[in-house]
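>>> Make a model of this:
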Amino acid sequence: MQESVVELTTEDGILDAFVCRPDGEGPWPAVIMYMDAPGMRDELRDMASRLATVGYVVLLPNLYYRVGREGGYGFDRALIRTDDAHRERMHECRLSLTNAGIVADTRHLLDHIRADPTVAGGRVGAIGYCMSGQFVVSVAAHYPEAFGAVASFYGVGIVTDEPDSPHRQVERIQAQTYLAFADEDPWVPDSVLQRLPGIIESSGWRARIEVYPGTTHGFAFKERPDYNRAAAERHWERIFELMRPLRAA
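So this is what the prediction gives:
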């Protein structure tokens, strides 16, 4: 396994991203993994590495780079639960992100991917968790010819009343999309799950919805109290299945 950090110049600063790829010359298809609210940490790097071991170049960008690298690296899960200031700082960072900002960042990530000789030509994959569920839907809509497979796990903000709500642009998405949700999730209203099938049908969006029974928000992360081993392994099976066509392209 090869690991590195790349720094990309954007309109707003230096976007740093963790990159991992299999040993060997490749080329391999690329997948962008978008972080959840606690930010960059070993748990996410390990998940990116697990995906890379089966034949992908995986980029894990630090989405909080605009507010400073120190604030964007690894908010402590224990402190989030017990320290009000720590938790509030994480939420400040989370609220600093916008769909438009992530779309702009993704253009630079895609440019880097296209210039990487270890990356195969063809479409790219995207995976989002929690806050980044809305981001992967947004980037798939804004770069329809770039993305071939998109997965969101307990993604928030996919359907809102805001003008930039991702669901308003899903008719543009060409990627096969997988939307997974927890059985009990205070961050994803039941009304969203009720509306999504109609949005998919009316737009022609190639999206599949799955609700994981007996789970709560965060079930895929080993270091969270909501971790559910069976559901987490199913989540990996779904990712491998969804991304596999990228390798055949």
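>>> Now do the contacts for the residue lying closest to residue 223 once chain neighbours are set aside.
Leaving aside its chain neighbours, residue 223 sits nearest to residue 43 (5.0 Å; criterion: CB to CB, 6 or more residues apart in numbering). Where C-beta positions appear, they are placed from N, C-alpha and C, glycine not excepted. Residue 43 makes contact with 221, 222, 223, according to CB atoms under 8 Å, 6 or more residues apart in numbering.
>>> any idea which helix or strand comes after the helix or strand containing residue 43?
Taking DSSP states H and E as the criterion, residue 43 maps to helix 42-52. Under the assignment DSSP H and E, the closest C-terminal helix or strand after helix 42-52 is strand 57-61.
>>> Packing partners of that next one?
Using 3 or more CB pairs under 8 Å, 6 or more residues apart in numbering; DSSP states H and E, the elements in contact with strand 57-61 are strand 13-21, strand 30-34, helix 42-52, helix 99-115.
>>> Out of the ones you listed, flag the one nearest residue 87.
When the helices and strands packed on strand 57-61 are compared by CB to CB, helix 42-52 sits nearest residue 87, at 17.7 Å.
>>> what about that closest one, average pLDDT?
Regarding helix 42-52, the rounded mean pLDDT is 95.
>>> List the buried residues of that helix.
Buried residues in helix 42-52, counted by 16 or more other CB atoms under 10 Å: 44, 45, 47, 48, 49, 51, 52.
>>> can you tell me which of the residues you listed lies nearest to residue 171?
residue 51 (28.6 Å).
>>> if I look at that closest one, how far off is residue 58?
Distance of residue 51 to residue 58, computed by CB to CB, to the nearest Å: 5 Å.
>>> Overlap of the contact sets of these two?
Common neighbours of residue 51 and residue 58, counting by CB under 8 Å, 6+ apart, are 31, 33.
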